[in-house]
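Asks: pasted the sequence and its predicted model underneath.
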Amino acid sequence: MPSYFNAGHHSPLYMVAGHLRRRPQPGRVDTCEAGTLSMNWKGVGDLLYQGRYDVIAVMNDFDAVDGLARFAEYARALSPQSRLITFGRLSSLNPGFFRQFDLDAVVQSGDYECGVAHYVNALAAARPENAGATGLPGVAVRHGDHWREPAGQGDRLAPEEWSLPDVSEIPYQDYDRFYSRDEHKFCGIPFRRELVVPAARGCPVGCEFCEVPDIFGLRERRLPVDTVIDYIRDSYARHPFEYVAFYAPTFTLDRRWVHQLCERFIEGPVSPQWKCATTVHHLSEELVALMGRAGCVRISVGLETLEEAGQGVLPRNKRIEAERFRSLAQWCTGAGIELNAFIIVGLPGTSIQGASRTIELARSLGARIRPTMYTPYHSMTGEMTTRQVSRFNRQLITDDRSVDAADDDRGAGRQRAADARYALLFGAEERLTDVHERIPKRTAP
């Protein structure tokens, strides 16, 4: 059960599958996205028993490890010939944690596609017990009672080598259900179907609370504009998508690329409504206006905090003053774009009062806000229990001892201070988006 849902976070499942299908003699590659609340354990058991898979690649994430041990138990009982490998955001940041589970391999660095393919290729080329005997780039492999460490860092793909998701196998009806409740503050737009376009990987901004640089590197890799246009056109012809979500850590990092894309959208015939995420620093009044003319309906920015005491934790180009954010809100209003502000509660150096003021200011400017809990990924260790790791989900306080009772101006203690933080994340939300009203409904092609 996901604590947060972003369809972009799920796209690696389909990109890894597409990459495996491009291997010589790929065999059959199936996908099953059981994390959308559309399956039960009987259905998982049916799939494992009837599938008779050689390899099962399990995607992991920060908030979805609670069922991993149970899944491995089912797989060993119902498909004992299968080899189990896991890949994903959590294993890339805390690979040692996964060595406690009944798995055969863990992708712990590099692009996920490369790690899984290395392991599958090793199995195809050798006896199972010898797969990865000399080490694999970015992949730890179990041999008996011990683990063989990776043979160096994992590989990275050029954007031209990415296999974009096959829209025919993605359960969009389940995604629609998640996004219909805007008070949950998921990333999608309610009542409209979203096409995710994984446009870029990597980010040089370097926020210490973000996993992107550690997993995908500080150098950005970005799809060619022509590839993006072709993918949108082909996907819209196959499915009734109503807007595009660009999945990129800092969408406007390459302004020249964004200008080229916007000009293509304005010229047509591919002219979707769309949304993106970026930083305040990487936007200008001229660029926001161009994006609005090109169909952009929402820009999400990492505002994080406007509290001066918390600015020192942020990279220099993320230190934003209230007036700068006020200007951005005005630009977005003028361009007909909804501004969505990511705000971090519990950021070191900040207070409950400061976080509340940041949220209140953003709301007063008409912005949709999405608060998350500060999550220090760098403090995870491989010795942690599943319960401990499950708190690193941007919703729970990872360590209650980190809550200073001084956060509570009534001095009522640590629990009340924690409750004050949770009130900002889980309290009733009255301001719901209306951006879907700007996006026309479509019927099936």
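Replies: Received the coordinates, thanks.
Asks: confirm residue 303 sits in a helix?
Replies: No - read with DSSP: H, G, I helix; E, B strand; the rest coil, residue 303 is strand and lies in no helix.
Asks: wait, it sits on residue 341?
Replies: Yes - contact status for residue 303 versus residue 341: in contact at 4.2 Å, counting by Cβ atoms under 8 Å. The way it works is simple: take the backbone N, C-alpha and C, and place the C-beta from them, glycine included.
Asks: common neighbours of those two, please.
Replies: Common neighbours of residue 303 and residue 341, counting by Cβ atoms under 8 Å, 6 or more residues apart in numbering, are 325, 362.
Asks: how near is residue 218 to residue 146?
Replies: Going from residue 218 to residue 146 by Cβ to Cβ, to the nearest Å gives 33 Å.
Asks: swap in residue 33?
Replies: 33 Å.
Asks: now do residue 76
Replies: Counting by Cβ to Cβ, the gap from residue 76 to residue 146 is 19 Å.
Asks: more neighbours: those two, which one.
Replies: The neighbour count for residue 76 versus residue 146, taken as other Cβ atoms under 10 Å, is higher for residue 76 (13 against 8).
Asks: ok, the more buried one touching residue 102?
Replies: Yes - counting by Cβ under 8 Å, residue 76 touches residue 102, with 6.1 Å between them.
Asks: any weak-confidence spans in the stretch 301-445 of the chain?
Replies: Where the stretch 301-445 of the chain drops to pLDDT under 70, the residues are 400-412.
Asks: count of residues packed around residue 196?
Replies: 25.
Asks: for residue 38, that is, sorry about that
Replies: Count around residue 38 with other Cβ under 10 Å applied: 13.
Asks: next one: residue 376
Replies: Neighbour count for residue 376, taken as other Cβ under 10 Å: 14.
Asks: just say helix, strand or coil for residue 151.
Replies: Assigned with three-state DSSP, residue 151 falls in the coil class.
Asks: over to residue 353?
Replies: helix.
Asks: also the one 5 residues further on?
Replies: Following three-state DSSP, we place residue 358 in the helix state.
Asks: relative to residue 420, how far out is it?
Replies: 14 Å.
Asks: the two: who's more crowded?
Replies: More crowded of residue 358 and residue 420, by other Cβ under 10 Å: residue 358, with 27 against 21.
Asks: which residues are in contact with the more buried one?
Replies: So residue 358 contacts 303, 305, 306, 307, 343 (Cβ under 8 Å, 6+ apart).
Asks: please apply the same query to residue 196.
Replies: For residue 196, the contact set (Cβ under 8 Å, 6+ apart) comprises 7, 8, 11, 165, 244, 245, 247.
Asks: so of those, which ones are in strands?
Replies: Among the contacts of residue 196, the ones falling in strands (DSSP state E) are 244, 245, 247.
Asks: how far does stretch 29-42 sit from the chain's center?
Replies: Using Cα atoms, centre = their mean, to the nearest Å, the mean C-alpha position of stretch 29-42 is found 19 Å from that of the whole chain.
Asks: report the mean per-residue pLDDT for it.
Replies: For stretch 29-42, mean pLDDT rounds to 90.
Asks: how about that stretch: buried residues?
Replies: 29, 31, 32, 33, 34, 35, 36, 39 (16 or more other Cβ atoms under 10 Å).
Asks: now stretch 383-401
Replies: By 16+ other Cβ under 10 Å, the buried positions in stretch 383-401 come out as 384, 389, 390, 391, 392, 393, 394, 395, 396, 397, 398.
Asks: which residue packs closest to residue 237, ignoring adjacent ones?
Replies: In this structure, residue 237 finds its nearest non-sequential neighbour in residue 445, 5.6 Å apart by Cβ to Cβ, 6 or more residues apart in numbering.
Asks: list the contacts for that neighbour?
Replies: For residue 445, the contact set (Cβ under 8 Å, 6+ apart) comprises 236, 237, 238, 239, 240.
Asks: quick revisit: same list (the ones in strands among the contacts of residue 196) but as TSV, adding neighbour count, pLDDT and distance to residue 210.
Replies: Formatted as TSV, the ones in strands among the contacts of residue 196 follow (neighbours: other Cβ atoms under 10 Å; pLDDT from 0 to 100; distance: Cβ to Cβ, whole Å):
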residue	neighbour count	pLDDT	distance to residue 210
244	26	98	23
245	25	98	18
247	22	97	14
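Asks: which among those residues gets closest to residue 120?
Replies: Nearest to residue 120 among these is residue 247, at 24.9 Å by Cβ to Cβ.
Asks: list the beta-bridge partners for that closest one.
Replies: For residue 247, the beta-bridge partners under DSSP bridges are residue 198.
Asks: residue boundaries of the helices in the stretch 1-150 of the chain?
Replies: Assigned by DSSP state H, counting those that start in this stretch, the stretch 1-150 of the chain shows helices spanning 7-21, 41-51, 68-78, 89-93, 112-125.
Asks: the stretch 301-445 of the chain: strands as residue ranges?
Replies: Along the stretch 301-445 of the chain, counting by DSSP state E, counting those that start in this stretch, strands occupy 338-345, 368-373.
Asks: tell me the most buried of those?
Replies: strand 338-345 (a mean of 23; mean count of other Cβ atoms under 10 Å).
Asks: now for that one, which elements pack on it?
Replies: strand 296-304, helix 322-335, helix 352-364, strand 368-373, helix 414-426 (3 or more Cβ pairs under 8 Å, 6 or more residues apart in numbering; DSSP states H and E).
Asks: looking at the ones you listed, which is nearest to residue 98?
Replies: Here strand 368-373 is closest among the helices and strands packed on strand 338-345 (Cβ to Cβ), at 23.4 Å.
Asks: any idea of the angle the closest one forms with helix 414-426?
Replies: 150 degrees (axes from the mean of the first three to the mean of the last three Cα atoms, to 10 degrees).
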